[in-house]
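Asker: Sequence below, structure please.
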Amino acid sequence: MGFFYFSSNGRAHVPWKGGPTFQCVQPPVQRTQLIAGSTWFDPCFGEYAFEFNAWMAGHPAEAPPAGTTVQMQLLTFDPAAPASTAWLLDAIELTVGP
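Answerer: Sure thing, here's the model as predicted:
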């Protein structure tokens, strides 16, 4: 399980929860709905598919406007494990098109 969170406030590089991962998206952030991945977390396998355009169309008040540079990062976790097993994966940066 996991969700993407994003912001147009720039990049960050902050250790997250004292663990080996980093929050790369500058707060305040917005988050998408919870999505299921093909595995809860594995550093070599598994994938999450998410259509950001469809999400923006369904959330027009929260969607960044065209031309906005957005930083986005995936938080993934095993719902059956303690919260400390959540991981932030590498972030991406994108520009919202028209």
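
Asker: what are the phi and psi values for the residue lying closest to residue 55 once chain neighbours are set aside?
Answerer: The shortest distance from residue 55 to any non-neighbouring residue, by CB to CB, 6 or more residues apart in numbering, is to residue 32 (5.6 Å). Every residue, glycine included, has its C-beta placed from N, CA and C. Per-residue torsions, residue 32: phi -90, psi 180 (degrees, to the nearest 10).

Asker: which helices and strands sit right next to the helix or strand of the chain with the lowest mean pLDDT?
Answerer: The helix or strand of the chain with the poorest confidence is strand 87-88; it has a mean of 84 (mean pLDDT, DSSP states H and E). Under the contact criterion of 3 or more CB pairs under 8 Å, 6 or more residues apart in numbering; DSSP states H and E, strand 87-88 touches strand 22-25, strand 69-76.

Asker: the helices in this structure, which residues?
Answerer: Here the chain has its helices, by DSSP state H, at 52-58.

Asker: picking that back up, the residue nearest to residue 55 is in contact with residue 3, isn't it?
Answerer: Yes - at 5.2 Å, residue 32 counts as touching residue 3 under the criterion of CB atoms under 8 Å.

Asker: So which residues of the chain form strands?
Answerer: 2-7, 11-15, 22-25, 30-31, 69-76, 87-88, 92-95 (DSSP state E).

Asker: how near is residue 53 to residue 15?
Answerer: 32 Å (CB to CB, to the nearest Å).
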